[in-house]
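Visitor: Quick one: sequence plus predicted model below, questions after.
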Amino acid sequence: MRVLFWLGGRKHEFIDRQEEVPPGATLHEFADAESAETLVRSVSLDILGGDPLEDVLEGDRLSLGVPTTPEELSREIERRLRTGELRVLSYSPDLGGGGSAPAPETPPEPGPAAPEPERRDPIQLKVRFQICGGEPNGLGISGAEYILLRNGVEIARGSTDGNGEVPIEYLPGEGHVLRLFNTDYPIHLHAGLQPLTSLEGLQKRLDVLGYMTGYLLSPIENDTPDDGDDGPRTQQSVMNFQLDHNLLLDGIVGNQTRNALQSAVGG
Amino acid sequence: MSFDLHLLENPSSAVLRVVPVRFARADSGGIDPSAPDLDNRGFKTDSNCSARGPVVGVMPGSTIQIRVIRDRLESGALLFASVDDASLVELVHPAAGASLSPSDSGGRSGDTLYLRGAAGVRRSGMTLVKIHFGAAGGPVMAELAVRVHPRLRIPVAVHMVSINGTGPSMSFADIQDAFHRANHFLAPAGVTLDVRSPPLADSVTGFILPGVCLMAFEAAPPRMPTPPGVTEHLRVLGLRPDAAALNAYFVRTLALQTGGPTSFQEPLGQGITQDVLDTLVAAAPSPPSPRPGRGIMVATPTDTYEYSHVLAHEIGHLLDLAHYGGGEQPPADNIKEDIWGHRNLMHNAAQLHPLPGSGHTCRSTEPRRRVGYGDGSVGPRAGGFLGIKSFNRVRQSAQVAVLRSAVLARKYVPF
């Protein structure tokens, strides 16, 4: 099994390969409050696979509580290591937290090489909540309290600024949810897109650019941005995009409109 | 319930705009003055565009309903309404301090604002209705501008015209009903057509066919040349005009003359310029062309509902409103050939039924049909609104203001 956790903005992992605990792997080095909290949450949430240990760790989260203290965390992990409930034979020495982990005196047993930890820089995003969808700089909804969750754990909170904006530090591969107005807004970052010639690709781009916000004339609740139907909203959104880009207002994604969309969002 | 937000990994698109709440017409049925269309043209026209939320018009003492759409918002989120200036608009429902409810209750529709124009308003004014989250003083999530327009009345003199002994087949009661429906379109502008009773009985003789008035098009486009010598419509428009009223001349048939004096066909077009079959209302020409009178000519319709729509459209012409663009003319950069343009009462593709093969060149009939009142509605459910918002670069955008100015100047009376 593999246990992933985030620390210092980077992804690390423990890989249980039934090896010895390296000397010094007491994990005291990163036992500051912030990283300890991160570790507990990550361990409890990011276990891959169906190993029975998952249940144990899930239980740990419950018994330890969140947040816990660094001392509690260290003691518990050390206990697990001593009793063999948790074996940590490979870990990144760059664990942060103000100390450096000592190098293991004995090298790991031969075996499959541990996969290189995935390290992607966080991406800075913004979501703007506004009162009118038709204008790129429409009046923002300011002063609304929000919480940003990553993998179900709160990582930031605050209020929308004067532009109605919320900054988001997005870590690829993780689940992000923005919570405000008693509503959850899962954030999805798309590196690869459907072709612009597809309806989904078109709608996604319009959505990202803020044009799929709708000028519906009557309450047509089923006309959602991703309804898979080139309905009035999509066509109107194309027209609004065309208007802003001085294109022929025909609601048709021709060459000029396609080029403008590609220029704006790629793909 | 959650609402997914999709962002693309591209630095130039790292801001996603979300509008959680918006407004919509409260009814998906036919034209209803208590459920007016919103002027929701939020498009950008310049860098300093001031238009934010939609705008709606109401007359003093009238109550309108506006639907609040939780577009990307949980149904359980508490929303409260407020009115900036209660001397202009009263919030009838929800009551002060009460939140909107998604569920219908007490005979009121869920998530619906009930607003009443204050009875004492004597001058046109505007105020904002705001939707707050969480509490009455919470963050503003949506804004609706409400314009209150005191009622302006236009007296209408109805002429029942007999041509060579054949009068209109429409009853006076039907005519009154048609004007009543047309008033629904004009209500957001605070304009009311008052039909005088009884109607005036007029007669002419010497026309080519009994009951038929041949008409020519004063502002005829090149494809509709006015044949020389066609004067029947001018004679009708000059029949005993009431000097203080809008004169509406009802005949059995209006016909477009296409060739010689005996070459004519049933007019194909609603209004004066379009190709249509069943309804015909012709607005009288506008200055400075010479003519004996000013008014409208009306033929017997087969669809009274569309008829009232066209009636309101043609009366709009009489009161200085031009077309809102449309497919027959290339859209200028200040004319928005979009869904809102097509929905406008003064769109020049006034027909509500798509007419394949009829020769019209409107390239966007389909969007217009799809965005009528309700689900892809056509005909009786379709309709149009008058523009209330003002944009510097959009011609005829503030149609309500233009219309009211024309009424105040009594531009509906004969010369």
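Guide: Thanks, I have the structure now. Remember, it's a predicted structure, so these values are computed and weren't measured experimentally. Numbering: from 1, shown residues only, chains lettered A, B, ... in the order given.

Visitor: what's the neighbour count on B:R116?
Guide: B:R116 has 18 neighbouring residues, counting by other Cβ atoms under 10 Å in any protein chain shown. The C-beta positions use only the backbone N, C-alpha and C, and glycine is treated the same way.

Visitor: Report the rounded mean pLDDT for the lengthiest strand in chain B.
Guide: Criterion DSSP state E: the longest strand present in chain B is strand B:152-163. The average pLDDT within strand B:152-163 is 96.

Visitor: Only the buried residues of that strand, if you could.
Guide: B:L152, B:I154, B:V156, B:A157, B:V158, B:H159, B:M160, B:V161, B:S162, B:I163 (16 or more other Cβ atoms under 10 Å in any protein chain shown).

Visitor: Am I right that the fifth one is in contact with B:D194?
Guide: The one in question is B:V158. No - using Cβ atoms under 8 Å as the test, B:V158 is too far from B:D194 to be in contact (11.0 Å).

Visitor: Apart from its chain neighbours, what residue comes closest to residue 123?
Guide: In the absence of a named chain, chain A is used. The shortest distance from A:I123 to any residue other than its chain neighbours is 4.5 Å, reached at A:Y170 (Cβ to Cβ, 6 or more residues apart in numbering or on different chains).

Visitor: looking at chain B here, not the other one
Guide: In space, and not counting its chain neighbours, B:R123 is closest to B:P150: 6.9 Å by Cβ to Cβ, 6+ apart.

Visitor: mind listing what that neighbour touches?
Guide: B:P150 sits next to B:M59, B:P60, B:V121, B:R122, B:R123, B:S124, B:G190 when contact means Cβ atoms under 8 Å, 6 or more residues apart in numbering or on different chains.

Visitor: Flag the shaky bits of the stretch 101-250 of chain A, pLDDT-wise.
Guide: A:101-120, A:132-138, A:192, A:212-233, A:249-250 (pLDDT under 70).

Visitor: The residue nearest to B:F385 when sequence neighbours are not counted and B:F23, how far apart?
Guide: Nearest residue to B:F385, sequence neighbours excluded (Cβ to Cβ, 6+ apart): B:D37, at 3.5 Å. Distance of B:D37 to B:F23, computed by Cβ to Cβ, to the nearest Å: 11 Å.

Visitor: cool, A:L247 as well?
Guide: Separation of A:L247 from B:F23 (Cβ to Cβ): 28 Å.

Visitor: Those two: who's more crowded?
Guide: The neighbour count for A:L247 versus B:F23, taken as other Cβ under 10 Å, is higher for B:F23 (22 against 18).

Visitor: name the helices or strands packed onto the helix or strand containing the more buried one?
Guide: For B:F23, the element it lies in under DSSP states H and E is strand B:21-25. Contacts defined by 3 or more Cβ pairs under 8 Å, 6 or more residues apart in numbering or on different chains; DSSP states H and E place strand B:21-25 against strand B:63-70, strand B:140-148.

Visitor: Show me what secondary structure element comes after it.
Guide: Following strand B:21-25 toward the C-terminus (DSSP H and E): strand B:55-58.

Visitor: which other residues reach that next one?
Guide: With Cβ under 8 Å, 6+ apart, strand B:55-58 has contacts from B:36-39, B:64, B:66, B:89, B:115-117, B:126, B:144-149, B:187-190, B:386, B:388-389, B:400.

Visitor: got any ranges where the stretch 251-400 of chain B has weak pLDDT?
Guide: Filtered on pLDDT under 70, the stretch 251-400 of chain B yields the residue ranges B:256-295, B:299-306, B:325-342, B:348-383, B:391-395.

Visitor: Walk me through the domains of the chain.
Guide: With no chain named, the answer covers chain A. A:2-83, A:123-187, A:199-265 (automatic domain parsing).

Visitor: sorry, should have said chain B
Guide: Here the domain parsing of chain B from automatic domain parsing is B:16-148, B:152-408.

Visitor: where along the stretch 101-250 of chain A do the helices fall?
Guide: Along the stretch 101-250 of chain A, the segments classed as helices by DSSP state H, counting those that start in this stretch run A:199-208, A:232-244.

Visitor: out of these, nearest to A:L125?
Guide: Using Cβ to Cβ as the measure, helix A:199-208 is the one of these that comes nearest A:L125, at 10.5 Å.

Visitor: So the closest one, near chain B or not?
Guide: Yes - residues of helix A:199-208 contacting chain B under Cβ under 8 Å from any Cβ of the partner chain: A:K204, A:R205, A:D207, A:V208.

Visitor: which one of those is nearest B:S101?
Guide: A:D207 (29.2 Å).

Visitor: can you count the residues close to that closest one?
Guide: Neighbour tally, A:D207, other Cβ under 10 Å: 24.

Visitor: Does it touch B:F3 like I think?
Guide: No - here A:D207 lies out of contact with B:F3, judged by Cβ under 8 Å, at a distance of 11.2 Å.

Visitor: Checking B:G316 next. Helix, strand or coil?
Guide: helix (DSSP: H, G, I helix; E, B strand; the rest coil).

Visitor: From what I see, it and B:N344 are in contact.
Guide: No - B:G316 is beyond contact range of B:N344, at 9.8 Å (criterion: Cβ under 8 Å).

Visitor: overlap in contacts of those two?
Guide: Common neighbours of B:G316 and B:N344 (Cβ under 8 Å, 6+ apart) are B:L386, B:Q399.

Visitor: State the number of residues packed around the closest residue to B:F3 other than its chain neighbours.
Guide: When the adjacent residues along the chain are set aside, B:F3 lies closest to B:R72, with 4.2 Å between them (Cβ to Cβ, 6+ apart). B:R72: 23 surrounding residues under other Cβ under 10 Å.

Visitor: shouldn't B:R72 be in contact with B:L16?
Guide: No - judged on Cβ under 8 Å, B:R72 makes no contact with B:L16 at a distance of 11.2 Å.

Visitor: Chain A versus the closest residue to B:T205 other than its chain neighbours, what's the distance?
Guide: Spatial nearest neighbour of B:T205, chain neighbours left out: B:N164 (5.7 Å); criterion: Cβ to Cβ, 6+ apart. Per Cβ to the nearest Cβ, to the nearest Å, B:N164 is found 46 Å from chain A.

Visitor: Does B:N164 touch B:G211 like I think?
Guide: Yes - using Cβ under 8 Å, B:N164 is in contact with B:G211, at 7.0 Å.

Visitor: Who has more neighbours out of the two?
Guide: For B:N164 and B:G211, the more surrounded residue by other Cβ under 10 Å is B:G211, and the numbers stand at 20 against 14.

Visitor: so what's the more buried one up against?
Guide: B:I163, B:N164, B:T166, B:G167, B:P168, B:V251, B:R252, B:T253.

Visitor: do B:L91 as well
Guide: By Cβ under 8 Å, 6+ apart, the neighbours of B:L91 are B:A81, B:S82, B:V83, B:L113, B:Y114, B:L115, B:V129.

Visitor: Give me the neighbour count for the fifth one.
Guide: Spelled out, that is B:Y114. 18.

Visitor: mind checking the backbone torsions on it?
Guide: Here is the backbone geometry of B:Y114 (degrees, to the nearest 10): phi -110, psi 120.

Visitor: which residues does it bridge with?
Guide: Under the criterion DSSP bridges, B:Y114 forms beta bridges with B:Q65, B:H93.

Visitor: That one and B:E90 touch, don't they?
Guide: No - between B:Y114 and B:E90 there is no contact under Cβ under 8 Å: 9.2 Å.

Visitor: What separation do you get for B:H93 and B:A26?
Guide: For B:H93, the distance to B:A26 - Cβ to Cβ - is 12 Å.
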